[in-house]
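**Q** sequence unknown, structure follows:
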DNA sequence: CGCTGCGTTGAGCTTCTTCAACGATCGTGG
DNA sequence: CCACGATCGTTGAAGAAGCTCAACGCAGCG
């Protein structure tokens, strides 16, 4: 069991270039935690005493409105850190985190991490790269939420997903449609209607979680993306 | 003239803790640029060969929709860096930048900056702090755009502005209302209507760019913020 | 003095959400 | 192994929020 954790910590981007002895240290200053599906990991506003790295499963970071609607900010899978910006800045978490499946995450307290950070310049460069990338993802999200309608945001999502899978026209959602709606800043009903409208228009074909792109050009027009954009957005 | 620039570079957060000799180096690897009001500084999609630090004036970072609507992501004033995340990650700028007034900005090319970064651990820690803070601002923006209606976003803006000015009830907007609309993710017409609706309801009083908070409790209810939130959000 | 950009207001319309109902699926406990 | 409940997904009808288009007053500036 600890073996697997070792490998994941070693292979994750954040710790790239970190010497083996530091990985060993990590294991002593942090610890592995398990979370059941839907279990909360931390809450918005809670002081960030540390951060996590996904070891297995999937974790969502999300905000809740006063009426209980949810906006997913990010979904993290194996090897990705979350909560690290708040932990580093020693501020409250800006959003909630919860396990989307039964998951494991390696918890690293702020204090121990700070020491590593100061002793390891490459670690802060890695962290900078991660935060930069995330900042750009958020910038795109803000633009999309404000400037595009739901069909445009869905089209953007489909095109980027397709690009990430190497450009196939056959996608398989790895989220429920309800969760996708929450990620796109809308509700399941609206998403459902738009999916079926796009299907009727011959742009896509939907079978459960499997979506096939039938008319890429039209999808691009709806998304407002250029060919270049699609390529560049591959995280 | 170069004297003033020196002082601004020295006093800005990014270079806090940097020795004087490095500041001198900075001045040789970068250069001061001037921009007229409304002049573009860089465009979305353009490769980020470097970044800027505001020396005087005000700069907006914004996205444009395909129909030309604008969403302001951030407004930067003296001493604040912009474009640094893209420059660091060596990616295209994720948004446009333009001067809101006649402005000056100190331009630092990526290559020179990278060297400084590697030689100066404190510099990367400063940069990490800046990016972390920005990430949290963006997280709030995403939540607001998706989960709050325009009155809620306006109320949030007013309360945060008030808190930043020490809690006064008398605010003076340092943007035009059109720009405020763009920052809140709406259009001038909608903002205008909501301002006058809030005034009729006795919540605020508006005289041109001067806004007085008349009923803080009600404003907080509309914003969806708790008392704590307001305090914490003071950048 | 006229032009341009900002701000306001009205009318109409689009988009999206809300509320409600219902079928399908899946995991669980009897 | 089946039955039940919970969650998910879909569809319809109605309503709300915000956008578009248009007109107009106003201030600042060349």
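**A** Thanks, I have it. Just so it is clear, the structure is predicted and the values come from calculations on it, not from any experiment.
**Q** Output the set of residues of chain A in proximity to DNA strand C.
**A** Counting by CB under 7 Å from any atom of the strand, the residues of chain A close to DNA strand C are A:67, A:69, A:149-151, A:185-187, A:189-190, A:193-194. In this view, the C-beta of every residue, glycine as well, is placed from N, C-alpha and C.
**Q** do that again at 6 Å, thanks
**A** Proximity of chain A to DNA strand C, by CB under 6 Å from any atom of the strand, involves residues A:67, A:149-150, A:186-187, A:189-190.
**Q** At the geometric centre of chain A, which residue do we find?
**A** residue A:75 (2.8 Å; CA atoms, centre = their mean).
**Q** what is that one paired to in the beta sheet?
**A** Beta bridges link residue A:75 to residue A:60 when assigned by DSSP bridges.
**Q** Let me see the contact set for it.
**A** A:58-61, A:100, A:175, A:183 (CB atoms under 8 Å, 6 or more residues apart in numbering or on different chains).
**Q** re earlier: for PyMOL, write the selection for the buried entries among the residues of chain A next to DNA strand C.
**A** Selection of buried members from the residues of chain A next to DNA strand C for PyMOL, criterion 16 or more other CB atoms under 10 Å in any protein chain shown:
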select buried, chain A and resi 150+186
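**Q** so which pair among the residues of chain A next to DNA strand C is furthest apart in space?
**A** Greatest spacing in these, by CB to CB: A:67 and A:149 (21.6 Å).
**Q** how about the helix ranked longest in chain A, does it reach chain B?
**A** Assignment by DSSP state H gives helix A:121-147 as the longest helix of chain A. Yes. Counting by CB under 8 Å from any CB of the partner chain, chain B has neighbours in helix A:121-147: A:121, A:124-125, A:127-129, A:131-136, A:138-143, A:145-147.
**Q** what's the spacing between that helix and its chain's center?
**A** Helix A:121-147 has its C-alpha centroid displaced from the chain centroid by 11 Å (CA atoms, centre = their mean, to the nearest Å).
**Q** Quick one: residues contacting the closest residue to residue A:184 other than its chain neighbours.
**A** For residue A:184, ignoring the flanking residues on the chain, the nearest one in space by CB to CB, 6 or more residues apart in numbering or on different chains is residue A:153 at 4.7 Å. Taking CB under 8 Å, 6+ apart as the criterion, residue A:153 is in contact with A:144-145, A:184-186.
**Q** Make sure I have this right: residue A:153 is in a helix.
**A** Yes. Counting by DSSP: H, G, I helix; E, B strand; the rest coil, one finds residue A:153 located in a helix.
**Q** how near is it to residue A:21?
**A** 46 Å (CB to CB, to the nearest Å).
**Q** got it, and residue A:227?
**A** From residue A:227 to residue A:21 the distance is 47 Å (CB to CB).
**Q** go on, residue A:115?
**A** Taken as CB to CB, the span from residue A:115 to residue A:21 is 14 Å.
**Q** More neighbours: which of the two?
**A** Taking other CB atoms under 10 Å in any protein chain shown, residue A:115 and residue A:21 do not tie; residue A:115 has more neighbours (11 against 8).
**Q** Next, count neighbours for residue A:227.
**A** 10.
**Q** To which secondary structure element is the closest residue to it other than its chain neighbours assigned?
**A** Spatial nearest neighbour of residue A:227, excluding adjacent residues (CB to CB, 6+ apart): residue A:220 at 7.2 Å. Applying DSSP states H and E as the criterion places residue A:220 in helix A:216-223.
**Q** and the residue nearest to the centre of chain A, what pLDDT?
**A** Looking at residue A:75, its pLDDT reads 97.
**Q** repeat for residue A:3
**A** For residue A:3, pLDDT reads 60.
**Q** that older thread, looking at the contacts of residue A:153, which is nearest DNA strand C?
**A** residue A:186 (3.8 Å; CB to the nearest atom of the strand).
**Q** so how far is residue A:102 from the spatially closest residue to residue A:212 that is not a sequence neighbour?
**A** Excluding the flanking residues, the one nearest residue A:212 by CB to CB, 6+ apart is residue A:205, at 4.4 Å. As judged by CB to CB, residue A:205 and residue A:102 stand 32 Å apart.
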